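# Here's my sequence, what's the structure:
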Amino acid sequence: MDESDFIPLSALQHYDFCPRQCAFIHLEQVWMENAHTAEGRVMHETAHSGNSRTRDGVRIVTDLPLSSRLLGVSGMADVVEFHREGNVWTPFPVEYKKGAPKNHAEADAVQVCAQAICLEEMLGVKLTEAAIYYGAQHHRREIALDAALRDKTVAIARATHELFASGRTPPPEKCPHCKSCSLVEICMPDLLEGAKAAKRANRYLQSLWNPADTAEEAP
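The predicted model follows:
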């Protein structure tokens, strides 16, 4: 894929979390800060200090530019650790998240897998693991870069490109993770659920008066 068609690497995580959120952020340029995003921003600013250092024999690099023609993405890595094995330094991407693992934590795994694919293309290496650091738990979750996760990451990248090409924001769809989204007040999924409920109630009331007519309607 030509570099002019690349999309932000972070869009893959946003799409897997919610295609509508992804469209709001990347197509409509809409963003709202809440306590969760503010804490996350501070954590990322710390991670993206631009300072590289060596600790316990591991070279730690921040703000590392990434890109992948396979995925058609570009972005910046929070942290990439380089572990030395003889004369070879093997990269190990680490994505930083403010909170704890969410119900939809696979979106985080897709993001760090995309970073790993970028590093593989750029450095000509093959990676087997990456990690996500969750600040709320001070816990580092190891991610196996297996075939299933790689296939999902490629599929999410393709779907995200299709969303960008369409230029359309998908309709709202109420999900359990809506409550953790900073854009929930703009998205207003409850209004859609309310409209659906009202429509069902209206059909039921009509059925009381004209059961023959409503029986032919699609559910």
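# Could you double-check that residue 126 lies in contact with residue 120?
Yes. Counting by Cβ atoms under 8 Å, residue 126 touches residue 120, with 6.2 Å between them. Glycine gets a C-beta too; all of them are placed from N, C-alpha and C.
# The two: which has the busier surroundings?
residue 120 (16 against 9; other Cβ atoms under 10 Å).
# where does this structure dip in pLDDT?
Residues of the chain meeting the criterion pLDDT under 70: 31-51, 102-104, 191-219.
# For it, just list every one of the helices.
In the chain, helices defined by DSSP state H lie at 10-17, 19-26, 35-47, 106-123, 147-166, 184-187, 189-209, 211-215, listed in chain order.
# Just the buried residues of the strand of greatest length in the chain, please?
Counting by DSSP state E, the longest strand found in the chain is strand 73-85. Across strand 73-85, burial judged by 16 or more other Cβ atoms under 10 Å covers 73-82.
# Give me the buried positions along stretch 139-159.
Going by neighbour count (16+ other Cβ under 10 Å), the buried part of stretch 139-159 is 141, 143, 145, 149-150, 153-154, 156-157.
# Off-centre distance for that stretch?
11 Å (Cα atoms, centre = their mean, to the nearest Å).
# cool, stretch 158-177 as well?
Offset of stretch 158-177 from its chain centre (Cα atoms, centre = their mean): 12 Å.
# try stretch 115-131
Using Cα atoms, centre = their mean, the offset of stretch 115-131 from its chain centre is 18 Å.
# Give me the contact list for that stretch.
If you take Cβ atoms under 8 Å, 6 or more residues apart in numbering as the criterion, stretch 115-131 is touched by 9, 66-71, 73, 75, 77, 80, 90-95, 112-113, 140-145, 150, 153.
# let's go with 6 Å and repeat that
Residues from elsewhere that reach stretch 115-131 (Cβ atoms under 6 Å, 6 or more residues apart in numbering): 66-68, 77, 91, 93-94, 112, 140, 142-143, 145.
# ok, now stretch 151-163?
Outside stretch 151-163, the residues that reach it (Cβ under 6 Å, 6+ apart) are 11-12, 15-16, 71-72, 110, 113-114.
# before we move on, back to that, using a markdown table, please lay out the buried residues of stretch 139-159 together with distance to residue 27.
As requested, the buried residues of stretch 139-159 are exported to a markdown table (distance: Cβ to Cβ, whole Å):
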| residue | distance to residue 27 |
| --- | --- |
| 141 | 30 |
| 143 | 28 |
| 145 | 29 |
| 149 | 26 |
| 150 | 26 |
| 153 | 21 |
| 154 | 22 |
| 156 | 16 |
| 157 | 16 |
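# Just the buried residues of stretch 86-101, please?
For stretch 86-101, a neighbour-count test (16+ other Cβ under 10 Å) marks 90-98, 101 as buried.
# cool, and stretch 123-134?
For stretch 123-134, burial by neighbour count (16+ other Cβ under 10 Å) applies to 127, 130-134.
# just stretch 57-69 next, same as before
60, 62, 64, 66, 68.
# Select from those every entry located in strands.
Those of the buried residues of stretch 57-69 lying in strands (DSSP E): 60, 62, 64, 66, 68.
# Tell me what the fourth one is bridged to.
Taking DSSP bridges, one finds residue 75 as the beta-bridge partners of residue 66.
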